[in-house]
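Participant: I'd like to go over a predicted model; first the sequence, then the structure.
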Amino acid sequence: MDKVVEIENLSYSYPDGQQALYGINLAVGLDETVALIGPNGAGKSTLLLHLNGIMRSDGTVRILGIPLEDKNLKWVRSKVGLVFQDPDDQLFMPTVFDDVAFGPINMGYAEEEVRGRVSKALQWVGMNGYEKRSPHHLSIGEKKRISIATILSMRPEILVIDEPTANLDPRAKWELVKLVKGLPMTKIVASHDLEMVAALCERTIILDEGKIVADDATLNIMSNIDLLERHGLAPASPIIEHQA
């Protein structure tokens, strides 16, 4: 397996002294789609923020074999795209075009290349024609798509998404699952939505109290109701994979 993400002995404590992660060891292979699940406060978002250096702490993080260090930070962030749970944390420009163009412009690309990247990213997420729209007047589902496009315009090799289906109605949820499923890159998805995880991810990791407590094929994880119950994740009904 070609490893694109490698984490060794990663621990993290918040400034108030509360420890959020304990000795995390994890590897993600090329083109894998991996789910990170666990109860609130398990450390999922904290772990994701270490993947492109927003948070830094003890331990080693390697992206495509390169250690995450100050001298490599810009390069790592060009390879690891992070989509936040709340799209309003990602969308801050007056138009959709400006938001999606922001990353490529800051990467130093010429105007023609920027326009091409914006067009391709919007095509990927099914939002062609929205370039002049204000992102703040879009639906939550549309905002989620645009926030993904802001990352895709930078052509990352690894896409990291925090709670992609949060606050979406069922139709928008399955449209987003289909979208993410079709993206040609390694994907790491943190979520409470076990139905979405079952449909999207072939591998699932359970994180609880800052520790990895299970790492297995999604089918095995989802069929182990006792394991899910022990970590506050038991589904209300049997999970049937949705063919998105």
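Facilitator: All right, it came through fine. This one's a predicted model, so the numbers in the text were calculated from it and none came from an experiment.

Participant: neighbours of Lys178, how many?
Facilitator: Close neighbours of Lys178, defined as other CB atoms under 10 Å, add up to 15. The way it works is simple: take the backbone N, C-alpha and C, and place the C-beta from them, glycine included.

Participant: do the same with the one 10 residues further on
Facilitator: Residue crowding around Ile188 was assessed by other CB under 10 Å; the count is 26.

Participant: give the contact list for it.
Facilitator: 5, 28, 34, 36, 48, 51, 158-161 (CB atoms under 8 Å, 6 or more residues apart in numbering).

Participant: centroid-nearest residue for the protein?
Facilitator: Ile161 (1.6 Å; CA atoms, centre = their mean).

Participant: ok, and it, which helix or strand is that part of?
Facilitator: strand 158-162 (DSSP states H and E).

Participant: I'd like the next helix or strand past that strand.
Facilitator: Following strand 158-162 toward the C-terminus (DSSP H and E): helix 170-181.

Participant: from Asp169, how far out is Ser45?
Facilitator: 23 Å (CB to CB, to the nearest Å).

Participant: more neighbours: these two, which one.
Facilitator: Ser45 (17 against 12).

Participant: strands of the protein, start to end?
Facilitator: Remark: strands assigned in the chain by DSSP state E are 3-13, 19-29, 33-37, 58-63, 66-67, 80-83, 158-162, 186-190, 203-208, 211-217.

Participant: name the residues that touch the first one?
Facilitator: Meaning strand 3-13. Residues contacting strand 3-13 (CB under 8 Å, 6+ apart): 19-30, 43, 46-47, 50-51, 55, 57-65, 157-158, 186, 188, 210.

Participant: no more questions from me, cheers.
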